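Asker: Have a look; sequence and predicted model below, questions after that.
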Amino acid sequence: MRTEVFLTSNLLGSPMRRGFRYLLNSLLISLLPWPILWLVSFSYFGGDNTEIFGSFNLTWLLSALASFLIVSAILAFNLARLLERWGYSKKNIVRLPEILDENSENVNFLKAVRESVHYHFTFWGVYVTGFLVYGPVKSALFVISIVAKVILLSLLMLPFFVLVVGIPAFLYFTSKSELNKVMGLFAWIFWVSLASLVLLGVLRFVALHGAVSWEYLQVSEFRNLLQLTENPIVFRDLFFLSFLSILSGITGYFGTKRGILPVVVLLALVILGVFVDVYLLEVLL
């Protein structure tokens, strides 16, 4: 009887333990570099650099804990959405370790979970480190500036992405009548491009008309963003790239049932975008 109970509990517990170990491993890989970085930096500077370690106090610690809980909640929400895309219910988030074990051979699923954990806590680490260096307000500006820069730089990659991934995917999935996959891909291109366009407009307005104090301009990432959008040539080309990418997203989304014409339009937009890309890179470099 004891042997039967042991075997049953082992069979029931083993998947949970294996999935839990995978999840814990992903968390540790994402989290451990940050306290190590802080401790090494603190030891290197001896803790006497008030410009860097002036915020190394209880307020910083509480902010780190609070932001950790917020990021964890956002991560749980996004993992629930990830499970839904893989055929599970969002409520199955409570069974995530067990689901990880069930999909132990599904490399793409395991990679998607690990990358989601990594991205969320990388964002958390950057914010908390920024808080340590800049203080609360500047740290938020620091993180926002990094995210904004990533969004804007993605504009440079979108023409090549549409050429290498978008058009082949359009041809393949429309031939298989899997239109949802094509529409989802080009919807993503549309929303990223639209977000870039709005961001460009906001940054351009702040750069030309905003009364930004020198204290906030000391955040180099924010200052570089304003200088970037203040440049009329750079702003014009980024604006044009975002406009072309929006058109690409609309063409791919609504062109799934219109034969070869959308492909021709996409090619024309991509070629034009590549020319703008090359010119812009010459200006930036």
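Answerer: It's in.
Asker: okay, CA-based contacts and neighbour counts for the rest of this
Answerer: OK.
Asker: Residue ranges in the stretch 51-200 of the chain under the pLDDT threshold?
Answerer: 51-57, 136 (pLDDT under 70).
Asker: the helices in it, which residues?
Answerer: 58-85, 96-102, 107-134, 136-161, 167-175, 179-209 (DSSP state H, counting those that start in this stretch).
Asker: I'd like to know which of those is closest to V283.
Answerer: helix 136-161 (12.8 Å; Cα to Cα).
Asker: hmm, back to that, indicate which one of the helices of the stretch 51-200 of the chain is closest to L31.
Answerer: That would be helix 107-134 among the helices of the stretch 51-200 of the chain, by Cα to Cα, at 6.5 Å.
Asker: what's the distance between that closest one and the middle of its chain?
Answerer: In terms of Cα atoms, centre = their mean, to the nearest Å, the centre of helix 107-134 is found 9 Å from the chain centre.
Asker: Mind giving me the packing neighbours of that helix?
Answerer: When contacts are defined as 3 or more Cα pairs under 8 Å, 6 or more residues apart in numbering; DSSP states H and E, helix 107-134 sits against helix 2-31, helix 50-53, helix 58-85, helix 136-161.
Asker: Just name the most buried of these.
Answerer: helix 136-161 (a mean of 18; mean count of other Cα atoms under 10 Å).
Asker: what's the spacing between that helix and its chain's center?
Answerer: 9 Å.
Asker: could you say what helices and strands that helix packs with?
Answerer: Partner elements for helix 136-161 (3+ Cα pairs under 8 Å, 6+ apart): helix 107-134, helix 179-209, helix 220-230, helix 232-254, helix 261-284.
Asker: For L163, find the nearest of the ones you listed.
Answerer: Comparing the helices and strands packed on helix 136-161 under Cα to Cα, the one sitting nearest is helix 261-284, at 6.4 Å.
Asker: from the chain's centre, how far out does that closest one sit?
Answerer: For helix 261-284, the distance to the chain centre is 24 Å (Cα atoms, centre = their mean).
Asker: what's the angle between it and helix 220-230?
Answerer: Counting by axes from the mean of the first three to the mean of the last three Cα atoms, to 10 degrees, helix 261-284 lies at 110 degrees to helix 220-230.
Asker: If you count neighbours, what's buried in helix 261-284?
Answerer: By neighbour count on 16 or more other Cα atoms under 10 Å, the buried set for helix 261-284 is P262, V263, V265, L266, L267, L269, V270, G273, V274, V276, D277, L280.
Asker: can you tell me which of the residues you listed lies nearest to A195?
Answerer: G273 (17.6 Å).
Asker: For the closest one, give me its contacts.
Answerer: The contact partners of G273, by Cα atoms under 8 Å, 6 or more residues apart in numbering, come to P159, L241, L244.
Asker: run the last query once more with 6 Å
Answerer: P159 (Cα atoms under 6 Å, 6 or more residues apart in numbering).
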